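1. Give me a 3D structure for the following:
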Amino acid sequence: MTLTKNDIVDRVNDLGFTKKKSVDIVEDLLEILKSTLSQGNDVLVSGFGKFCVKQKNQRKGRNPATGIDLMLQARKVITFKCSGKLRDKVKD
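-> Residues are numbered from 1 along each chain as shown. So this is what the prediction gives:
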């Protein structure tokens, strides 16, 4: 089962916030995460994990459909490393 943004809004709503306030809280949180990552900064959520912005260098690639070799451009990607607490919780 996938946890959607709407599911998160519903859970925040269950904490006693109005539906509109719940949507605003979730949207604001996600906007903070997006803007921080887009500036190239990492986001650490204690007890959950760390979102890191990594630079990938230019490299050789291949189109799997045609088999044609090409160069993939350098780019930034976001990685996630879960905390030990989260890892232990998922194990159980």
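2. Can you name the next helix or strand after the strand or helix carrying Val9?
-> If you go by DSSP states H and E, Val9 is part of helix 5-13. Where DSSP H and E defines the elements, the next helix or strand beyond helix 5-13 is helix 19-38.
3. Pull out the buried positions in that next one.
-> Across helix 19-38, burial judged by 16 or more other CB atoms under 10 Å covers Ser22, Val23, Ile25, Val26, Leu37. For glycine as for every other residue, the C-beta is placed from the backbone atoms N, C-alpha and C.
4. what's stretch 49-66 in contact with?
-> Under the criterion CB atoms under 8 Å, 6 or more residues apart in numbering, residues 33, 37, 40-45, 68-83, 86 lie in contact with stretch 49-66.
5. among the residues you listed, which ones are buried?
-> Counted by 16+ other CB under 10 Å, these give Leu37, Val43 as buried.
6. now the helix holding Val9: mean pLDDT?
-> Taken as a whole, helix 5-13 has a mean pLDDT of 96.
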